[in-house]
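*Asks:* pasting the sequence and the predicted coordinates here, then a few questions.
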Amino acid sequence: MLTGKRILLIIGGGIAAYKCLDLIRRLRERGAAITPVMTRAAEQFVTPLSVAALAGEEVHRDLFDLTKEAEMGHIQLSRVADLVVVAPATADLMGKMANGLAGDLATTLLMATDTPVMIAPAMNVRMWDHPATQRNLNTLKVDGVSVVGPNDGDMACGEYGPGRMAEPMEIVAAIQTALTDGPLRGRKVLVTSGPTHEPIDPVRYIANRSSGAQGTAIANALRALGADVTFVTGPAEAARPTGVDVIEVQSAREMHEAVINALPVDAGVFAAAVADWRVASASDSKIKKTKGGLPVLEFAENPDILAEVSQMDEGRPDLVVGFAAETDDVVANATSKRARKGCDWIVANDVSPETGIMGGSENAIVLISEDGSEDWPRMSKDEVARALADRIAAYLGDS
Ligand code: CTP
């Protein structure tokens, strides 16, 4: 719930501005109060009247408004909220924010505020991919601005790709996380999840049966405790967690790169079923059936992401959690895996077919730590995730 929280919502000038009307409703349903601000461009897409009616408060539009300044100066206005949300954050607004321009009310408030700022970018895919936008995005992240979306999808301009504003409920989830006072507030946690796909040629790949369900549940549970979660996922079936930074990858090497880029973090949870090997020289063109015989695939070893992060001399997370899927001698195998990889905990499970765990909704795990092994009763993957998130919070709280 967001009862008692006030959000300063800055609506930028993009077609996605219409989604803000729904966003305002969803936030108010959860008890939040909204102070709406619109840029001139935003008024081309939604009317101040609609925004004011849904927010139940007047819309602030002008920097040089004597009446408003007499009631509440713009500096004060910038500080009344618990969170400033910019949605849609257009390429223009992001550029102005990153460079400290303050030529209108919206950008002046953003410069003057001492409140955390969140942006929900929305723009054409080429504008999003443009080096200038990516540079501005990095600057804003370094400045401590949190980012929700954008998503991949069909765009109003007819193109397809990243640039679509996050859906209102995703923005609500991110806002709830930002305003949660859970035990992991202010902590950064990385979660890997799903399978990896290792290409054989442009149309074929080697994969595994991981659904990503446990990884998604863990990311959601960590977020619910207030963590700032980066979720690096292979092509998994499971729905993506909400309110977290989702990075989609295909292969183990892409996952490795995304993980290294996400560091430093306070804790890393490596729930992905990473392929141990890739095809050494994947073909650039489709391998054809020939009379000459069968193709021979040679393998190369993938980077062991968990082992590398566990054994980092500098910048190692305070807590590194690995997973082990075993079919025999679960405790013995997982205990030696913990030592071999150098991680702090191993979440081990028995994935023999008769357990029905792989691809199912339940899990029965053994937690291996330096204190030995601990059997957890069989429970749903969501319950496992919550119990693990509580353990992580307790560990980081003590460290
Ligand atoms: N892992 C990783 N990078 C890899 C391989 C595995 O980060 N290239 C991580 C997984 O995310 C998981 C743990 O390491 O946390 C699993 O270790 P792994 O050696 O792959 O275990 P199994 O697949 O169970 O392997 P083994 O054949 O050794 O039983």
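*Replies:* Alright, I've got the coordinates.
*Asks:* residue ranges with poor pLDDT in the stretch 251-399 of the chain?
*Replies:* Applying pLDDT under 70 to the stretch 251-399 of the chain picks out residues 359.
*Asks:* quick one: name the residues of it near the ligand.
*Replies:* Contact residues (CB under 6 Å from any ligand atom) of the stretch 251-399 of the chain with the ligand: 252, 270, 272, 274, 276, 302, 304-306, 322-325. For glycine as for every other residue, the C-beta is placed from the backbone atoms N, C-alpha and C.
*Asks:* only the buried subset of those residues, as a PyMOL command please.
*Replies:* Restricted to buried positions by 16 or more other CB atoms under 10 Å, the PyMOL selection for these reads:
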select buried, resi 252+270+272+274+302+304+305+306+322+323+324+325
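*Asks:* out of the residues of the stretch 251-399 of the chain next to the ligand, which sit inside helices?
*Replies:* Counted as lying in helices by DSSP state H, out of those, are 252, 305-306.
*Asks:* give the contact list for the nearest residue to residue 295 once chain neighbours are set aside.
*Replies:* Leaving out its chain neighbours, the residue that sits closest to residue 295 by CB to CB, 6 or more residues apart in numbering is residue 287, at 5.4 Å. Contacts for residue 287 (CB atoms under 8 Å, 6 or more residues apart in numbering) come out as 200-201, 204, 295.
*Asks:* same thing but at 10 Å, please
*Replies:* By CB atoms under 10 Å, 6 or more residues apart in numbering, residue 287 lies in contact with 200-204, 295, 297.
*Asks:* A strand includes it, no?
*Replies:* No. Per DSSP: H, G, I helix; E, B strand; the rest coil, residue 287 lies outside any strand segment and is coil.
*Asks:* put together CSV for the residues of the stretch 251-399 of the chain next to the ligand, with distance to residue 228 on each row.
*Replies:* Below are those laid out as CSV (distance: CB to CB, whole Å):
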residue, distance to residue 228
252, 25
270, 18
272, 19
274, 23
276, 30
302, 28
304, 26
305, 20
306, 21
322, 21
323, 22
324, 27
325, 28
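*Asks:* report the closest residue of the stretch 51-200 of the chain relative to the ligand.
*Replies:* Closest to the ligand within the stretch 51-200 of the chain is residue 192: 5.7 Å, counting by CB to the nearest ligand atom.
*Asks:* do a quick rundown of the helices in the stretch 51-200 of the chain.
*Replies:* 66-71, 74-77, 91-99, 105-112, 125-129, 131-142, 168-178 (DSSP state H, counting those that start in this stretch).
*Asks:* what does the shortest one rub up against?
*Replies:* It refers to helix 74-77. Residues outside helix 74-77 that contact it (CB under 10 Å, 6+ apart) are 8, 35, 37, 60, 62-65, 68-69, 71, 102, 105, 108-109, 111-114.
*Asks:* what are the buried residues along that helix?
*Replies:* Neighbour-count burial for helix 74-77 [16+ other CB under 10 Å]: 74, 77.
*Asks:* pull that helix out as CSV, backbone CA atoms only.
*Replies:* Listed next in CSV are the C-alpha coordinates belonging to helix 74-77 (Å, rounded to 0.1, in the frame of the first residue of the first chain):
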residue,chain,number,x,y,z
HIS,A,74,8.6,25.8,-7.1
ILE,A,75,11.4,24.9,-4.7
GLN,A,76,8.9,23.9,-2.0
LEU,A,77,6.8,22.1,-4.6
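*Asks:* and it, what's its mean pLDDT?
*Replies:* For helix 74-77, the mean per-residue pLDDT is 82.
*Asks:* do the same with the fourth one
*Replies:* Averaging pLDDT along helix 105-112 gives 94.
*Asks:* please apply the same query to the longest one.
*Replies:* Regarding helix 131-142, the rounded mean pLDDT is 92.
*Asks:* what is it packed up against?
*Replies:* strand 83-89, helix 91-99, strand 117-121, helix 125-129, strand 146-147 (3 or more CB pairs under 10 Å, 6 or more residues apart in numbering; DSSP states H and E).
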